[in-house]
Every structure is written in structure tokens, then in C-alpha cells.
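Student: Turn this into a model:
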Amino acid sequence: MTTPRQLFETLNQEYLAVHKTKEDLFWSTYMAFSDDHAGFAKAEQAYKAFISDPARLASVREALATLKKMPDSADKKSLQHGLKGWLALFECNIVDSDEARALMSELIDMESDLFAKRKDLALHHINEAGKREEATLSMLSTNLGTNPDEAARKSSHDALMSLERWVLANGFLDIVRKRNAFARAQGFADYFEYKVRKNEQMSSKELFAVLDDFEARTRAAHERAMQELTKTHGAAATKPWNLRFNISGDITRQFEPYLS
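Tutor: Just a heads-up that it's a prediction; the model follows:
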């Protein structure tokens with residue numbers, strides 16, 4: 001019979017193995033060192049299967065019940081803390097129905113396909129030297145926030161917008177539909193409701209009550225800030241390619257832009 005300690009150590013080691021395999025393949029394909037997208041999809045499926053395994057959830061619950069009967073000690077307290085972490089992970093990710101598990105597998109394949117196609121998309125902008133160059137997302141974001149030339153900042157914004165249009169044209173809406181079907185197969189209204197319930201332990205209605213209250217309390221101050229920005233920098237100050245640059249200020253821009 002497996003003891004609570006043995007289960008805890010086994011879960012740790014198995015998770016490290018399945019997660020490291022997934023992450024190694026993610027970064028090797030993301031950085032174009034490898035084109036093994038099928039391998040990445042398989043590793044992603046193995047990872048999702050691990051964190052949504054009902055048998056592991058049952059084992060953790062059994063181990064916690066066993067621990068509860070044992071005499072109190074520092075080791076028991078530490079082990080309970082660790083196993084409760086595993087309990088929370090499995091409860092957040094368990095997929096109960098066969099239909100939902102099949103949809104999850106399809107989702108992983110669709111997301112992997114989109115990720116593979118994205119690797120071949122080149123984005124360009126105008127850098128601080130005034131030269132057009134191929135740019136990563138972090139380069140686009142940094143240029144957008146720090147380049148003193150408005151046309152150059154707009155080139156970064158346009159590149160980011162082109163990525164949004166590319167994603168829409170290459171299957172993202174199909175992924176959204178599949179995500180919603182996956183959520184509905186588990187009794188949720190849509191994927192957003194599913195994620196908020198699973199990750200935040202609250203309903204979307206409860207979440208928006210918090211966000212709406214925050215928006216209402218900060219609205220007047222935000223509007224005053226936008227008015228001051230326009231007064232100081234002109235009517236174009238709040239354009240999307242100018243807003244971050246104008247808000248950040250000179251001191252912020254004097255920091256190292258990539259490691260501010």
C-alpha cells in the first residue's frame with residue numbers, strides 16, 4: 001500500500017517529468033530550434049492528462065484522509081500542505097465526461113496547429129535607428145513604448161494589429177468555438193465561465209461585480225488623466241500607438257527598455 005509520503009514524492013517526480021518534456025518542446029518549437037509540433041502536441045496532451053486524472057485525485061483524497069488519522073507532527077503538517085496543493089490542482093483541472101475529454105484533445109491539436117503556422121509569420125517595424133526590421137513581440141512592445149518617433153511607434157502598433165488579423169484568419173475563431181463546446185460539455189455556459197469557475201472559484205457575475213466597481217471608482221480619475229494628456233501632448237496623445245509612450249514619461253524611458 002502506498003503511503004501519503006510515497007504518493008506525494010511520486011506525484012512530484014511524475015509532474016516534473018511530464019512538465020519538463022512539454023516545456024522543452026514548447027521552447028524548442030517556439031524558438032524554431034525544432035519543428036516537432038506533433039511531439040509538442042503529444043507532450044501537451046500528456047500534461048493535460050496528468051493534471052486532469054480522476055485516479056490521481058482519488059489517491060490524493062485517500063492520502064489526506066489517512067493523514068487525518070495520524071498523530072500531529074511537523075512532518076504531517078508539511079505533507080498535508082503539499083497534498084492539499086495537489087488536491088487543488090486536480091480539482092481545478094478534472095474533466096469528468098468522455099465528450100469533454102475528446103474535445104480537450106481536439107483543442108490541443110488545433111492550438112498546436114495554429115502555433116506551428118505562427119512560427120512562419122514574420123512581423124516588421126521601424127526601429128529607433130529608423131530602419132525597418134523583423135521584430136519579435138517583445139521588440140514590438142518595447143518600440144511601442146519607448147521610440148520617440150510617432151511613425152516608428154505606429155509601425156509597431158500596425159504589426160501587432162496585423163498579428164490579430166492573421167490569427168483571426170487562421171483558425172482562432174474555430175478554437176473559440178471548440179473551447180465553448182468543451183465548456184458546455186461540462187455544464188458551463190462558455191469557456192470564460194469555465195475558466196473563472198475553475199481558476200478563481202467564482203462566477204463571471206461575481207468577477208464582473210468586482211471589475212465594474214473598480215471601473216466606476218476609477219473612471220473620473222482616468223478621464224481627468226486623459227484630458228491632461230491631450231492638453232499636454234495634443235489631440236493625438238491618446239492614439240493607441242501614442243498612449244503608452246506619453247503615459248510612461250521621460251524617467252521611465254531612461255531605464256533599460258527590455259529590463260526596466
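
Student: Going by C-alpha atoms from here, please, whenever you check contacts or count neighbours.
Tutor: OK.

Student: show me where the stretch 51-200 of the chain has strands.
Tutor: For the stretch 51-200 of the chain, the strands defined by DSSP state E, counting those that start in this stretch occupy 124-126, 132-134.

Student: And those strands: which comes nearest A221?
Tutor: strand 124-126 (33.5 Å; Cα to Cα).

Student: Quick check: which helices or strands does the closest one pack against?
Tutor: strand 132-134, helix 150-169 (3 or more Cα pairs under 8 Å, 6 or more residues apart in numbering; DSSP states H and E).

Student: For the last one, the averaged confidence score.
Tutor: Okay, so that is helix 150-169. Average pLDDT, helix 150-169: 98.

Student: Looking at the strands of the stretch 51-200 of the chain, which is nearest to F40?
Tutor: For F40, the closest of the strands of the stretch 51-200 of the chain is strand 132-134, at 25.8 Å, according to Cα to Cα.

Student: what pLDDT, on average, does that closest one get?
Tutor: Across strand 132-134, pLDDT averages out at 97.

Student: What of stretch 213-227?
Tutor: When pLDDT is averaged along stretch 213-227, the result is 97.

Student: Now tell me what touches it from outside.
Tutor: T238 (Cα atoms under 8 Å, 6 or more residues apart in numbering).

Student: List the buried residues in that stretch.
Tutor: For stretch 213-227, burial by neighbour count (16 or more other Cα atoms under 10 Å) applies to M226.

Student: can you check stretch 44-57 too?
Tutor: The neighbour-count check on stretch 44-57 (16+ other Cα under 10 Å) flags 44-54, 56-57 as buried.

Student: Let me have those in TSV, extended by pLDDT.
Tutor: Listed next are these as TSV, based on pLDDT from 0 to 100:
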residue	pLDDT
E44	91
Q45	90
A46	94
Y47	95
K48	91
A49	91
F50	95
I51	94
S52	89
D53	91
P54	90
R56	95
L57	94
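
Student: Of these, which pair is most distant in space?
Tutor: Maximum distance among the buried residues of stretch 44-57 (Cα to Cα): 19.5 Å, for E44 and L57.

Student: returning to that earlier point: which one, of the helices and strands packed on strand 124-126, ends up nearest to H37?
Tutor: H37 sits nearest to helix 150-169 of all the helices and strands packed on strand 124-126, at 17.8 Å, using Cα to Cα.

Student: Tell me which residues of the closest one come out buried.
Tutor: Buried, per 16+ other Cα under 10 Å, within helix 150-169: A152, R153, K154, S155, S156, H157, D158, A159, L160, L163, V167.

Student: got a list of what the third one touches?
Tutor: Think K154. Neighbour list for K154: L144, W241, N242 [criterion: Cα under 8 Å, 6+ apart].

Student: Nearest to D109 among those residues?
Tutor: Nearest to D109, judged by Cα to Cα, of the contacts of K154 is L144 at 33.0 Å.

Student: If we ignore the residues flanking it in sequence, what's nearest the closest one?
Tutor: Nearest non-adjacent residue to L144, counting by Cα to Cα, 6 or more residues apart in numbering: R153, 4.6 Å away.

Student: Going by residue numbers, what spans are helices in the stretch 1-150 of the chain?
Tutor: All helices of the stretch 1-150 of the chain, identified by DSSP state H, counting those that start in this stretch, fall at 4-30, 37-51, 54-68, 74-93, 98-118, 137-146, 150-169.

Student: and of those, who's closest to F255?
Tutor: Nearest to F255 among the helices of the stretch 1-150 of the chain is helix 137-146; the distance by Cα to Cα comes to 10.0 Å.

Student: quick one on the thing from earlier: pick the one among the buried residues of helix 150-169 closest to T2.
Tutor: V167 (47.5 Å).

Student: And the furthest pair within the buried residues of helix 150-169?
Tutor: Most distant of the buried residues of helix 150-169, by Cα to Cα, are A152 and V167, 23.2 Å apart.

Student: Cheers, nothing more for now.
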